[in-house]
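Enquirer: here is my input, please return the structure:
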Amino acid sequence: MSTNRPPAKKPAPALAPNDELNALLQDFTQLKSYGEAMRQQMEFTTNVIAELVLSRNCLEEISKRGGNGETLVHIGAGNYVRAEIKDVKSVVVGIGADVSVEKSLESALADVESRLKQGQEQALALQNQYNQVTAKLQQLQARIDQLYGQVENAGRA
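Expert: Next up is the predicted model:
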């Protein structure tokens, strides 16, 4: 009785320890660069979230006061001026690419909430990806250390 099975694939030839070590060092360097870029993106996202939280809190406070009251307005470099807020009914909201639109206070608050939720979801996704990259780097480092030991021992023999 004959079976029609495809021929078994031959396993890929194993690399010499030096060659594998060089390949892993290259992979490690690339993955480390990717991890650094992700870390920077996480930092940027965290800063955006902090700004959105501040914006949300300010809009909520203005809304609670019926669009009236006194506040401190940040004018840059850690400097503020006192300002009287009177009858705020709309907010100019940046929508990207240096474009802003005027929205009602309620609509601006909803927009900030939505952007805050998106930022938090992005931060979580980035953190998960960063954790995976870190775990892979640890695995690569362990294999690199093992191969380095083999190469060193072979050089002594």
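Enquirer: got the contact list for the residue nearest the centre of the chain?
Expert: When the chain is reduced to its mean C-alpha position, the closest residue under CA atoms, centre = their mean turns out to be residue 42, at 3.0 Å. With contact taken as CB atoms under 8 Å, 6 or more residues apart in numbering, residue 42 is in contact with 123, 126, 127, 130. Yep, even glycine has a C-beta here, placed from its N, CA and C like the rest.
Enquirer: are any of the residues you listed buried, and which?
Expert: Of the members of those, the ones counted as buried by neighbours, 16 or more other CB atoms under 10 Å, are 123, 126, 130.
Enquirer: mind listing what's buried in the one helix or strand residue 92 maps to?
Expert: If you go by DSSP states H and E, residue 92 is part of strand 90-96. In terms of neighbour count (16+ other CB under 10 Å), strand 90-96 has its buried residues at 91, 93.
Enquirer: let me know the closest of the buried ones among the contacts of residue 42 to residue 29.
Expert: Sorting the buried ones among the contacts of residue 42 by distance to residue 29 puts residue 130 at the head of the list, at 17.1 Å, by CB to CB.
Enquirer: and the closest one, that's in a strand?
Expert: No: when classified by DSSP: H, G, I helix; E, B strand; the rest coil, residue 130 is found to be helix rather than part of a strand.
Enquirer: can you give me the strands in the protein?
Expert: Ranges of strands within the chain are 69-76, 79-85, 90-96, 99-104, based on DSSP state E.
Enquirer: contacts only, for residue 129.
Expert: Taking CB under 8 Å, 6+ apart, one finds residue 38 in contact with residue 129.
Enquirer: ok, it to residue 83 distance?
Expert: 42 Å (CB to CB, to the nearest Å).
Enquirer: how about residue 137?
Expert: In this structure, residue 137 and residue 83 are separated by 50 Å, where distance is defined by CB to CB.
Enquirer: tell me which of those two has more neighbours.
Expert: Each of residue 137 and residue 83 has its neighbours counted (other CB atoms under 10 Å); residue 137 has more, 16 against 12.
Enquirer: surely the more buried one is in contact with residue 33?
Expert: No: the pair formed by residue 137 and residue 33 falls short of the contact definition of CB atoms under 8 Å, at 11.0 Å.
Enquirer: give me the angle between the helix-or-strand element of the chain with minimal mean pLDDT and strand 79-85.
Expert: Across the helices and strands of the chain, mean pLDDT, DSSP states H and E gives its lowest value to strand 69-76, namely a mean of 84. Taking axes from the mean of the first three to the mean of the last three CA atoms, to 10 degrees, one finds that strand 69-76 is oriented at 150 degrees with respect to strand 79-85.
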